[in-house]
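A.B. asks: Below are the sequence and a predicted model; questions follow.
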Amino acid sequence: MAAVILQVSIAGKSFRRNGDTLPVLGPIELSLGTREIVALVGPSGCGKTTLLRIIGGLETVFEGQIRWAGGDRPRIGTVFQEPRLLPWRTVRQNLLLAQDQPDPTLADELLHALELTQFAASFPPSLSLGMARRVAIARAFAVRPDLVLLDEPFVSLDPAMAERSRELLLTAWRGRPTAALIVTHDLAEAAALADRIVLLAPRPTRVLREFVVPEADRRQGIGIGQQVAATVGSE
Amino acid sequence: MARGGLINRDWPLRLLSTVAILLAWQGGAMVAHSRLLPSVVDVVAAMLRETESGALPWNLGITLARVAAAFSVSLLIGSAVGIAMGRWRRLDLLLDSVITILLNLPALVVIVLIYVWFGLNEVAAIAAVALNKLPSTAVTLREGARALDPGLSEMAHSFRMPAGRVLRHVVLPQLTPYFLAASRSGLALIWKIVLVVELLGRSNGVGFQIQIYFQLFDVTMILAYTLAFILVVQAIEWLGLQPLERWITRWRR
């Protein structure tokens, strides 16, 4: 594998509630290549989101280490499970405001790539969930990220919309390949997007198994994804 | 839809209550036939006379300037204090009882004490009004600051937005409804208190005029000044605040 951008070694993470200690993450070792898409797959509520939040720097209390290739945390574009757009700013402004320096050319390119050009001047409350999710994806790529974190970006979309959105995500990614971590509970979706799938066990979360998607099957649509998922499931 | 333009189908209903009140007033005045209950026509005539002489615009202008000054000061300081209290729990605990005391202190007491301590001057007058409005603005904005969406704050943090951008594009838009609420109730409260402040310690303004006509028992003139003020405040509401609110909330479906 090529250069590594991220090395995660977490010993554990627990939340304290009402005096009880609730373990969320067990020991997790994970690495990520600079242009690699890795899918973290596990049942709902298994701590995948917490893992993503630790990597994204939103959760700072845990045992272990996150090591970045350059030393410092690189530029990260995050796609949250709820789109978390600013409802009082237009779609285009949402992209520009996330960027260090407003880069309208890149923003417009991404809006075009995600088929959002006609909504550029719309306010997010007028968008469907699927469209809002695409805006969130465009925003994550608009910051010229070294790493994109996606937390269940296509959950609760109808299959056709989810498939189209996955294709558009890959279009954006191919335009500027980055490292990406995508959290999902859908193995077929993971197989359709990722180079490598990391299967996680429920709380406290630990890595069950890793599976490299055969090169020929990578990013070939949800049909191939389902076949790959079936082999993973049978092993 | 109430959100349409100034002229829409809501207007007949809105006007109905106003017309009813005016008719009842006119009818009552005609029946009572007393100097103490002048008719609408008399009051409007008095208003026009005072407008022509220049006394009404002059005093109205002074009062409005005081309203504007007190309104700005109380909104600025009150919201800063309120937002800070909403964000920092320690400050909230520290200032909470002060705010409660100020909220419950009668307006008249605040006015009298400030006049006694700082003299019968313009600054004292405006400070007295602002101090009466400040605590309720602080309480309103404190609620707003407590209700800030943690999801959006995280989003801003994860994209490393600079503080100024977060304030302008993430925080303030969420506080807008609270600012509007504070402004609207503020304007109503402030202009009532401004008249008291003028009555007690100023030698011009609508409050001062009302005091004079009270001593003369001239109800027509008292109502003429009141009516003029109501018209101006309504105009501010319809031509200023409501269009502003529609523009600010245009992103809502």
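C.D. replies: Great, that's in hand.
A.B. asks: Near chain A, which residues of the stretch 1-150 of chain B are found?
C.D. replies: Residues of the stretch 1-150 of chain B lying near chain A by Cβ under 8 Å from any Cβ of the partner chain: none. C-beta coordinates here come from the backbone N, C-alpha and C atoms, glycine included.
A.B. asks: in the stretch 1-150 of chain B, which spans are helices?
C.D. replies: Ranges of helices in the stretch 1-150 of chain B, per DSSP state H, counting those that start in this stretch, are B:11-32, B:40-53, B:55-87, B:89-104, B:107-118, B:122-146, B:150-158.
A.B. asks: Lowest average pLDDT across those?
C.D. replies: Least confident of the helices of the stretch 1-150 of chain B, judged by mean pLDDT, is helix B:11-32 with a mean of 87.
A.B. asks: and the helices of the stretch 1-150 of chain B as JSON lines, adding mean neighbour count?
C.D. replies: Formatted as JSON lines, these follow (neighbours: other Cβ atoms under 10 Å in any protein chain shown):
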{"stretch": "helix B:11-32", "mean neighbour count": "11"}
{"stretch": "helix B:40-53", "mean neighbour count": "16"}
{"stretch": "helix B:55-87", "mean neighbour count": "20"}
{"stretch": "helix B:89-104", "mean neighbour count": "13"}
{"stretch": "helix B:107-118", "mean neighbour count": "15"}
{"stretch": "helix B:122-146", "mean neighbour count": "22"}
{"stretch": "helix B:150-158", "mean neighbour count": "17"}
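A.B. asks: Same list, those, but as CSV with distance to A:Ala142 please.
C.D. replies: As requested, the helices of the stretch 1-150 of chain B are arranged in CSV below (distance: least, Cβ to Cβ, whole Å):
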stretch, distance to A:Ala142
helix B:11-32, 46
helix B:40-53, 58
helix B:55-87, 29
helix B:89-104, 35
helix B:107-118, 52
helix B:122-146, 29
helix B:150-158, 13
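A.B. asks: of all those helices, which lies closest to A:Val198?
C.D. replies: helix B:150-158 (21.7 Å; Cβ to Cβ).
A.B. asks: Return the distance of the longest helix seen in chain A from the chain's centre.
C.D. replies: Taking DSSP state H as the criterion, chain A has its longest helix at helix A:159-175. How far helix A:159-175 lies from its chain's middle: 13 Å, per Cα atoms, centre = their mean, to the nearest Å.
A.B. asks: With just CA atoms, put it into PDB.
C.D. replies: Coordinates of each C-alpha in helix A:159-175 appear next as PDB, following Å, rounded to 0.1, in the frame of the first residue of the first chain:
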ATOM      1  CA  PRO A 159     -32.500   2.800  -2.700                       C
ATOM      2  CA  ALA A 160     -32.500   4.700  -6.000                       C
ATOM      3  CA  MET A 161     -31.500   8.000  -4.300                       C
ATOM      4  CA  ALA A 162     -28.900   6.300  -2.200                       C
ATOM      5  CA  GLU A 163     -27.400   4.600  -5.300                       C
ATOM      6  CA  ARG A 164     -27.300   7.900  -7.200                       C
ATOM      7  CA  SER A 165     -25.800   9.700  -4.300                       C
ATOM      8  CA  ARG A 166     -23.100   7.100  -3.900                       C
ATOM      9  CA  GLU A 167     -22.200   7.500  -7.600                       C
ATOM     10  CA  LEU A 168     -22.000  11.200  -7.200                       C
ATOM     11  CA  LEU A 169     -19.900  10.800  -4.000                       C
ATOM     12  CA  LEU A 170     -17.400   8.800  -6.100                       C
ATOM     13  CA  THR A 171     -17.500  11.400  -8.900                       C
ATOM     14  CA  ALA A 172     -16.400  14.000  -6.400                       C
ATOM     15  CA  TRP A 173     -13.800  11.700  -4.900                       C
ATOM     16  CA  ARG A 174     -12.400  10.800  -8.400                       C
ATOM     17  CA  GLY A 175     -12.100  14.500  -9.100                       C
END
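A.B. asks: which secondary structure elements does that helix contact?
C.D. replies: When contacts are defined as 3 or more Cβ pairs under 8 Å, 6 or more residues apart in numbering or on different chains; DSSP states H and E, helix A:159-175 packs onto helix A:104-113, helix A:129-142, helix A:187-193, helix A:222-234.
A.B. asks: Can you give me the buried ones in the last one?
C.D. replies: Of the residues in helix A:222-234, those with enough neighbours to count as buried (16 or more other Cβ atoms under 10 Å in any protein chain shown) are A:Ile222, A:Ile224, A:Gly225, A:Val228, A:Ala229, A:Val232.
A.B. asks: Same check on the second one?
C.D. replies: Within helix A:129-142, the residues that qualify as buried by neighbour count (16+ other Cβ under 10 Å) are A:130-142.
A.B. asks: Around chain B, which positions in chain A sit nearby?
C.D. replies: Counting by Cβ under 8 Å from any Cβ, chain A comes close to chain B at A:56-58, A:76-78, A:80, A:82, A:84, A:86-89, A:97-98, A:100, A:123-126, A:139, A:143.
A.B. asks: Please point out which parts of stretch B:169-176 sit buried.
C.D. replies: B:His169, B:Val170, B:Val171, B:Pro173, B:Gln174, B:Leu175.
A.B. asks: Closest one of those residues to chain A?
C.D. replies: Ranked by distance to chain A (Cβ to the nearest Cβ), those are led by B:Pro173 at 4.2 Å.
A.B. asks: Tell me how far the closest one lies from B:Leu22.
C.D. replies: Separation of B:Pro173 from B:Leu22 (Cβ to Cβ, to the nearest Å) stands at 40 Å.
A.B. asks: most centrally placed residue in the chain?
C.D. replies: Went with chain A since none was named. Closest residue to the average C-alpha location of chain A: A:Leu150 at 1.8 Å, with Cα atoms, centre = their mean.
A.B. asks: Sorry, I should have been clearer: chain B.
C.D. replies: Compute the mean C-alpha point of chain B, and by Cα atoms, centre = their mean the closest residue is B:Leu187, 0.7 Å away.
A.B. asks: per-residue pLDDT, that residue?
C.D. replies: Model confidence at B:Leu187, expressed as pLDDT, equals 82.
A.B. asks: tell me which element it falls in.
C.D. replies: Using DSSP states H and E, B:Leu187 sits in helix B:172-201.
A.B. asks: Show me how far that helix is from its chain's centre.
C.D. replies: Relative to its chain's centre, helix B:172-201 lies at 3 Å (Cα atoms, centre = their mean).
A.B. asks: If you count neighbours, what's buried in that helix?
C.D. replies: Applying 16+ other Cβ under 10 Å to helix B:172-201 flags B:173-175, B:178-183, B:186-187, B:189-191, B:193-201 as buried.
A.B. asks: by contact count, what packs against that helix?
C.D. replies: Short answer (3+ Cβ pairs under 8 Å, 6+ apart): helix B:172-201 packs on helix B:55-87, helix B:107-118, helix B:122-146, helix B:206-215, helix B:219-235, helix B:242-248.
A.B. asks: The longest strand seen in chain A pairs with which strands?
C.D. replies: Counting residues, the longest strand in chain A under DSSP state E turns out to be strand A:4-17. Using DSSP bridges, strand A:4-17 pairs in its sheet with strand A:20-25 (antiparallel), strand A:28-33 (antiparallel), strand A:63-68 (antiparallel).
A.B. asks: can you tell me how far B:Leu244 sits from B:Thr140?
C.D. replies: Distance from B:Leu244 to B:Thr140, by Cβ to Cβ: 17 Å.
A.B. asks: I should have written A:Thr21 there, sorry.
C.D. replies: Separation of A:Thr21 from B:Thr140 (Cβ to Cβ) stands at 39 Å.
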